[in-house]
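Visitor: here you go, sequence then predicted model.
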Amino acid sequence: MTSTRGLEGVVATQSSISSIIDDTLTYVGYNIDDLADNASFEEVIYLLWHKRLPKEDELAELKQQLSDNMSLPQEFLNHFKTYPIDKVHPMSALRSAVSLLGLYDEKSEDMSDEANYAKAINLQAKIATIVTAFARVRKGLEPVAPRADLGYAANFLYMLSGKEPEEIEIEAFDKALVLHADHELNASTFTARVCVATLSDMYSGITSAIGALKGPLHGGANEQVMKMLAEIGSEENAEAYIQEKLANREKIMGFGHRVYRQGDPRAKHLREMSKQLTKLRGEEKWYNMSIRVEAAFTAQKNLPPNVDFYSASVYHSLGIDHDLFTPIFAVSRVSGWIAHILEQYENNRLIRPRAEYTGPGMQKYIPIEER
Ligand SMILES: CC(=O)SCCNC(=O)CCNC(=O)[C@H](O)C(C)(C)COP(=O)(O)OP(=O)(O)OC[C@H]1O[C@@H](n2cnc3c(N)ncnc32)[C@H](O)[C@@H]1OP(=O)(O)O
Ligand SMILES: O=C([O-])CC(=O)C(=O)O
């Protein structure tokens, strides 16, 4: 029995949700470039959950269901406010809050299709409210209630700032949500599938997935990218900074990928968005710095930027706190996690691989006084 480090190249399941073939990403057969340019996040949610694009009335119904379920129960908010949330990372708060959400759902253990769909809507709708409420409560501000007349992306930005977002902000944020929604069997999606393959409930699956997304080798990289850009500080420092990090054999966050070889197709969209938004804000330095970091890094290592690299300067330009970048990834990716959880339930088998044992051979127990 031999093992493969990090399960590289191992095909662990079948899925008809998203594919990465020859560096091309598709959701249910639609190229991500096509979706990024044309689809709204709500359309993508529908696509991932139903494996087809919605008709107008179906999309309207989904939007209504999300809107109807966005508000958090007052008891939940009261409980949430008792956390020491000014001291914790928002991904830790989100992980615990999603777990808590399960306690407020009387049907959390009901495994019928209807109950699972209701859980899907509840999670997708409320995750935006949880992240934005957290962001405000930790600053001593009251949460802002969602507005029924706003779409998902607009509502997120509105609940975060309390101000009606500009059209360009809504479009950029919506596109970022589309780009992050699903990604085949990435670490957090695999985690969600492993969890629910024991026939555990959807809240448990999403809570586990949030824990996996949090790490800096996965979704947590976007926050680290912004930290790096802030450390670099000015465009002229980019090359020297990268040289020093590489000389110390440190990883540069936002570069490299387990599956893509020529590059992550999502990065070019985020690069363009970063260019536009930093210009709009008069803060081109973040884009210019990112371009110089990319050039300096790729001149040394053949590892192109991944989805996390340019999303950092995009979210920064939208005025979002840096430690909310990964929770925003979760707000989008929960749509993909849910699709994979539903697919897992549909044709379930326990996921239980083997380990190649590398410990000592058979030993005889030695009584404690003789050791
Ligand atoms: C949404 C997402 O999850 S996208 C990924 C987000 N994560 C990051 O951006 C973190 C930085 N990148 C990385 O750590 C990696 O590229 C990963 C985790 C994404 C992929 O990792 P793996 O496929 O396991 O590759 P692994 O980490 O083994 O790297 C292979 C080699 O490339 C190097 N390498 C990979 N990524 C980087 C990087 N970002 N900076 C410097 N070197 C790197 C490694 O040091 C290693 O070199 P070595 O063979 O000389 O030791
Ligand atoms: O697929 C991966 O390993 C990581 C990734 O890019 C994602 O989850 O979007």
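Guide: All right, it came through fine. Ligands and ions are numbered 1, 2, ... in the order given.

Visitor: could you measure from the residue of the stretch 201-350 of the chain found nearest ligand 2 over to residue 306?
Guide: The stretch 201-350 of the chain approaches ligand 2 most closely through residue 258 (4.9 Å), counting by CB to the nearest ligand atom. C-beta coordinates here come from the backbone N, C-alpha and C atoms, glycine included. Counting by CB to CB, to the nearest Å, the gap from residue 258 to residue 306 is 10 Å.

Visitor: cool, residue 356 as well?
Guide: Distance from residue 356 to residue 306, by CB to CB: 29 Å.

Visitor: residue ranges of the helices in the stretch 151-300 of the chain, please?
Guide: With DSSP state H, counting those that start in this stretch as the criterion, the stretch 151-300 of the chain has helices at 152-161, 167-180, 187-196, 202-213, 221-232, 238-247, 265-280, 284-300.

Visitor: redo the ones you listed as a markdown table? Include distance to ligand 1, mean pLDDT and mean neighbour count.
Guide: As requested, the helices of the stretch 151-300 of the chain are arranged in a markdown table below (distance: least, CB to the nearest ligand atom, whole Å; pLDDT from 0 to 100; neighbours: other CB atoms under 10 Å):
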| stretch | distance to ligand 1 | mean pLDDT | mean neighbour count |
| --- | --- | --- | --- |
| helix 152-161 | 19 | 98 | 23 |
| helix 167-180 | 8 | 98 | 22 |
| helix 187-196 | 7 | 98 | 24 |
| helix 202-213 | 8 | 98 | 24 |
| helix 221-232 | 4 | 98 | 22 |
| helix 238-247 | 7 | 97 | 16 |
| helix 265-280 | 9 | 98 | 20 |
| helix 284-300 | 7 | 97 | 19 |
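
Visitor: make a markdown table from these and add distance to ligand 2 to it.
Guide: Output for those, formatted as a markdown table (distance: least, CB to the nearest ligand atom, whole Å):
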| stretch | distance to ligand 2 |
| --- | --- |
| helix 152-161 | 18 |
| helix 167-180 | 7 |
| helix 187-196 | 6 |
| helix 202-213 | 8 |
| helix 221-232 | 9 |
| helix 238-247 | 21 |
| helix 265-280 | 8 |
| helix 284-300 | 17 |
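
Visitor: thinking again about what came up before, which of residue 356 and residue 306 has more residues huddled nearby?
Guide: Each of residue 356 and residue 306 has its neighbours counted (other CB atoms under 10 Å); residue 306 has more, 24 against 8.

Visitor: residues near the residue in the chain that ligand 1 sits nearest to, how many?
Guide: Per CB to the nearest ligand atom, residue 256 is where the chain lies closest to ligand 1, at 2.2 Å. When neighbours are defined as other CB under 10 Å, residue 256 has 18 of them.

Visitor: residue 215: neighbouring residues, count only.
Guide: Counted with other CB under 10 Å, residue 215 comes out at 14.

Visitor: I meant to write residue 118 there.
Guide: 17.

Visitor: just residue 219 next, same as before
Guide: 29.

Visitor: let me see the contact set for it.
Guide: 188, 213, 308, 326, 329, 330, 333 (CB atoms under 8 Å, 6 or more residues apart in numbering).

Visitor: measure residue 166 to ligand 2 for me?
Guide: Using CB to the nearest ligand atom, to the nearest Å, we find residue 166 at a distance of 27 Å from ligand 2.

Visitor: and residue 258, how many neighbours?
Guide: 13.

Visitor: separation between the closest residue to it other than its chain neighbours and residue 249?
Guide: With sequence-adjacent residues excluded and distances taken as CB to CB, 6 or more residues apart in numbering, residue 258 is closest to residue 8, at 6.6 Å. To residue 249, residue 8 is 20 Å away according to CB to CB.

Visitor: sorry, back to before: tell me the pLDDT of the residue nearest to residue 258.
Guide: For residue 8, the model assigns a pLDDT of 97.

Visitor: low-confidence regions, the stretch 251-371 of the chain specifically.
Guide: For the stretch 251-371 of the chain, no stretch has pLDDT under 70.

Visitor: got the residues of it near ligand 1?
Guide: By the rule CB under 6 Å from any ligand atom, the part of the stretch 251-371 of the chain lying against ligand 1 is 251-258, 301, 303, 306-308.

Visitor: of those residues, which pair is most distant in space?
Guide: 301 and 307 (17.8 Å; CB to CB).

Visitor: let's have the helices of the stretch 151-300 of the chain in a markdown table, adding distance to residue 368.
Guide: Formatted as a markdown table, the helices of the stretch 151-300 of the chain follow (distance: least, CB to CB, whole Å):
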| stretch | distance to residue 368 |
| --- | --- |
| helix 152-161 | 58 |
| helix 167-180 | 53 |
| helix 187-196 | 37 |
| helix 202-213 | 36 |
| helix 221-232 | 45 |
| helix 238-247 | 48 |
| helix 265-280 | 56 |
| helix 284-300 | 54 |
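
Visitor: those residues of this protein touching ligand 2, which are they?
Guide: Near ligand 2, when you scan the chain using CB under 6 Å from any ligand atom, you find 183, 186, 258, 259, 306, 307.
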